[in-house]
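# my questions are about this predicted structure, shown below with the sequence.
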Amino acid sequence: MCGIVGYVGKKKVVPVIIEGLRRLEYRGYDSAGIAVGSPSRSTLEVRRAPGKLANLEEVLREHPLEGSYGIGHTRWATHGRPTEENAHPHRDCTGRIVVVHNGIVENYLDLKRELTAQGHKFVTETDTEIIAHLIEQVQQEADAAGQPIPLEVAVRRAVKRLTGAFALGVLSAAEPDKIVVARFGPPVIIGVGEGESFVASDVPGILHHTRNIYFLADGDMAILTLAGVKLTDFDGNPIERALTRIQWDPIQAEKGGYKHFMLKEIWEQPRAVTDTTLGRVSLDSGKVFLGEMKISDEELAMASSINIAACGTSWHSALAGKYMIERLARLPVDVDYASEYRYRNPIPDRNALGLLITQSGETADTLAAQREMISLGSKTVAICNVVDAMVAREAHGAIYTHAGPEIGVASTKAFTAQLTALFLLALKLGQLRGRLDTAQSVALIEELSRIPSKIEEVLRSCSSQCEQLAKDFSTARDFLYLGRGIHFPIALEGALKLKEISYIHAEGYPAGEMKHGPNALIDETLPVVVLVTRDESDPASKLRYEKTLSNIQEVTARSGRVIAVATEGDTTIGGLVEHVIPIPPAPELLSPLIEIVPLQLLAYYIAVRRGCDVDQPRNLAKSVTVE
């Protein structure tokens, strides 16, 4: 989650880049930097600073830059601490090639060892620095063979050796007024103006200069010069992309072409999960690193229990987190509505850890619960999406979710990011308490790393189905959502999404409670959404699945209309229900991150079909700052 802005043209380059970075600063706030070149100079000048963009602006006031082309970056640290030397742009050995990078290079250690053996000297802890040296090495080899190559060819050869995800911007002092851009994963756009070209990681960074945009696809490269923009694939073959004329105002531009913020944020969930995980886990050792903690590992290991307080969607993530923590760490967890916590006269326990979950970090009820916990002697940890929000400032530690700004009132990507953060915390506690060995930890982290691609698969495969289901069920007056175990909180969240944005009454219920009341509601007019996935490697999951099948038969026997969210390849469920939404298999504790996606899409398309204001539903606000 980083911000990139680059420019080639006749304007003063520094103001263009700094203004664009300011509009994208939400994408990175650990450090910032800029590299600028000019045809009259044989070098590139770089300025960098740790912390927020304002620190870089101060550096530039003290040490100004001038030039006609350049690139800037705001960073969220994944590899390496947020220091000046680890800030982008990064340079090769000569200092004549610079690179900015959004994403992660998974094979950087192997490449670093190889390049070191070839004589390259590294000065940072980042994965990005190896890209600059790799491009340098490619050019050196071409020169040694008597076949010098331009920068774009060197970049093409270099990116073929990278594994992972990357959006790159590359400059060379040897080729002024040129920026080479490559995309494989993170978004990157190209702006076209009169005698000038731009690159950015999102539209708002350059919209105030041009409305003519190329949206690059994975495997695309762009060469920006004063003559214009040339697009190729990674093999150098010319490609064509539609030049999009952006008609939106700045707020609309942030939607990135989606009809609503909510839909954009639903589709951003793979990135939100990835960004919440990046830099916090090791696939080699299985260890979890939670860097913003003032609580020692010893104190975490000695916690007697965890008390979680949250509101709304965050409360649902807390309920799912209870299953994660109790199963992986064998530590008791209580979950309270934050608005109720103070009023139940909680029992003091100085060894209990307080956990506050809030998207905004400013929710009044949650802050009040936190202060009550602190007054009772507990240390508190905040799971929050806003850096330096009040809840984080008052806590003894924070786990930031890095979902990015969530503008739609009905939370989507913040929820999946919260689930991700809770899973990481559960892993950390399980390791500290000796409940998880290295092999188990590595296996769970590997499964977590697969979740973003599985969410992408669901988004691609289920969107049209959910849109069709909306046509069939948008006139319903009531919905019932059912789930067992960790899937019950997801049923609650699915019901909340529907009622928030479509104004249809919906209830989430534990499937096992059907006989104790909800059966009375079932008739041919009631849609019942049932979470009936299974983890074949988990006996408890298979038992839960079988019991949920019995609940489905209770519904169908009373003419209820069932929409089942089931695991791909499940041949049993198709013969029992009217509609099946298949999702990829996943471990029991991680399947909620996938299951929620079709429920969000179903709510969204029903609300759209009913003509509701999806992003700003009536009577609701994004951040509730009064009790």
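Here it is on my side, so go on. Residues are numbered from 1 along each chain as shown.
# what is the end-to-end distance of stretch 289-296?
Stretch 289-296 has an end-to-end distance of 12 Å (CA to CA, to the nearest Å).
# if I look at Ala369, how far off is Leu492?
19 Å (CB to CB, to the nearest Å). (C-beta placed from N, C-alpha, C; glycine too.)
# the two: who's more crowded?
Ala369 (29 against 22; other CB atoms under 10 Å).
# assumed the more buried one was part of a helix.
Yes - the assignment for Ala369 is a helix, going by DSSP: H, G, I helix; E, B strand; the rest coil.
# surely it meets Ile357?
No - using CB atoms under 8 Å, Ala369 is not in contact with Ile357, being 10.5 Å away.
# intersection of neighbour lists for these two?
Shared contacts of Ala369 and Ile357 (CB atoms under 8 Å, 6 or more residues apart in numbering): Ala309.
# would you map the strands across the stretch 301-450 of the chain?
Assigned by DSSP state E, counting those that start in this stretch, the strands in the stretch 301-450 of the chain fall at 305-310, 333-337, 352-358, 379-384, 397-400.
# any chance of CSV for these, columns mean neighbour count?
Putting those into CSV (neighbours: other CB atoms under 10 Å) gives the following:
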stretch, mean neighbour count
strand 305-310, 25
strand 333-337, 18
strand 352-358, 28
strand 379-384, 27
strand 397-400, 24
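# Arg280 is nearest to which of these?
strand 397-400 (8.5 Å; CB to CB).
# what helices or strands is the closest one leaning on?
For strand 397-400, the packing partners by 3 or more CB pairs under 8 Å, 6 or more residues apart in numbering; DSSP states H and E come out as strand 379-384, helix 413-432.
# got CSV for the ones you listed, with distance to Leu331 and mean pLDDT too?
Below are the helices and strands packed on strand 397-400 laid out as CSV (distance: least, CB to CB, whole Å; pLDDT from 0 to 100):
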stretch, distance to Leu331, mean pLDDT
strand 379-384, 13, 95
helix 413-432, 6, 97
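# using JSON lines, lay out the ones you listed together with distance to Pro238.
JSON lines is the format used below for the helices and strands packed on strand 397-400 (distance: least, CB to CB, whole Å):
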{"stretch": "strand 379-384", "distance to Pro238": "46"}
{"stretch": "helix 413-432", "distance to Pro238": "36"}
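# looking at the ones you listed, spot the one closest to Gly164.
Gly164 lies closest, by CB to CB, to one member of those: helix 413-432, at 18.6 Å.
# distance of the residue nearest to Pro176 when sequence neighbours are not counted relative to Glu196?
By the measure of CB to CB, 6 or more residues apart in numbering, the closest residue to Pro176 outside its immediate chain neighbours is Pro39, 4.2 Å from it. Distance check for Pro39 against Glu196: by CB to CB, it reads 15 Å.
# and what of Leu436?
Per CB to CB, Leu436 is found 54 Å from Glu196.
# try Ser550
Taking CB to CB, one finds Ser550 at 66 Å from Glu196.
# so the two - more neighbours on which side?
Glu196 (21 against 11).
# give me the neighbour count for the closest residue to that one other than its chain neighbours.
Counting by CB to CB, 6+ apart, Gly9 is the residue found nearest to Glu196 once chain neighbours are left out, at 2.7 Å. Gly9 has 19 neighbouring residues, counting by other CB under 10 Å.
# OK, contacts around Gly9?
By CB under 8 Å, 6+ apart, the contact set of Gly9 is Val16, Ser68, Tyr69, Gly193, Gly195, Glu196, Ser197, Leu226.
# correct me, but Leu422 touches Met324?
Yes - the criterion here is CB under 8 Å, and Leu422 meets it with Met324 at 5.6 Å.
# can you list the weak-confidence ranges in this protein?
Across the chain, the ranges flagged by pLDDT under 70 are 1, 25-29, 76-84, 247-254, 388, 621-627.
# centre-most residue in it?
Ala272 (0.9 Å; CA atoms, centre = their mean).
# assign a three-state SS to that one, would you?
At Ala272 the chain is in helix, as set by three-state DSSP.
# in this structure Arg75 contacts Ser31, no?
Yes - the pair Arg75 and Ser31 passes the contact test of CB under 8 Å, sitting 4.7 Å apart.
# so which of the strands of the stretch 301-450 of the chain gets nearest Leu448?
Using CB to CB as the measure, strand 397-400 is the one of these that comes nearest Leu448, at 14.4 Å.
# what helices or strands is the helix or strand encompassing Leu263 leaning on?
Element membership for Leu263 (DSSP states H and E) is helix 261-267. Contacting helix 261-267 under the criterion 3+ CB pairs under 8 Å, 6+ apart are the following elements: helix 591-609.
# which elements pack onto the helix it packs on?
Judged by 3+ CB pairs under 8 Å, 6+ apart, helix 591-609 is in contact with helix 261-267, helix 413-432, helix 438-473, helix 487-502, strand 527-531, strand 561-567, strand 579-583.
# let me know the angle separating the second one from helix 487-502.
What that stands for is helix 413-432. Following axes from the mean of the first three to the mean of the last three CA atoms, to 10 degrees, one obtains 160 degrees for the angle between helix 413-432 and helix 487-502.
# got it, and the last one?
Counting by the same axes, to 10 degrees, strand 579-583 lies at 110 degrees to helix 487-502.
# what strands flank strand 579-583, and is each parallel or antiparallel?
Applying DSSP bridges, strand 579-583 is found paired with strand 561-567 (parallel).
# which outside residues touch the strand it pairs with?
Taking CB under 8 Å, 6+ apart as the rule, strand 561-567 contacts 469, 473, 524, 526-534, 552, 555-556, 573, 576-585, 595, 598-599, 602.
# include distance to Val105 when you put the helices and strands packed on helix 591-609 into JSON lines, please.
Output for the helices and strands packed on helix 591-609, formatted as JSON lines (distance: least, CB to CB, whole Å):
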{"stretch": "helix 261-267", "distance to Val105": "24"}
{"stretch": "helix 413-432", "distance to Val105": "21"}
{"stretch": "helix 438-473", "distance to Val105": "15"}
{"stretch": "helix 487-502", "distance to Val105": "34"}
{"stretch": "strand 527-531", "distance to Val105": "37"}
{"stretch": "strand 561-567", "distance to Val105": "33"}
{"stretch": "strand 579-583", "distance to Val105": "30"}
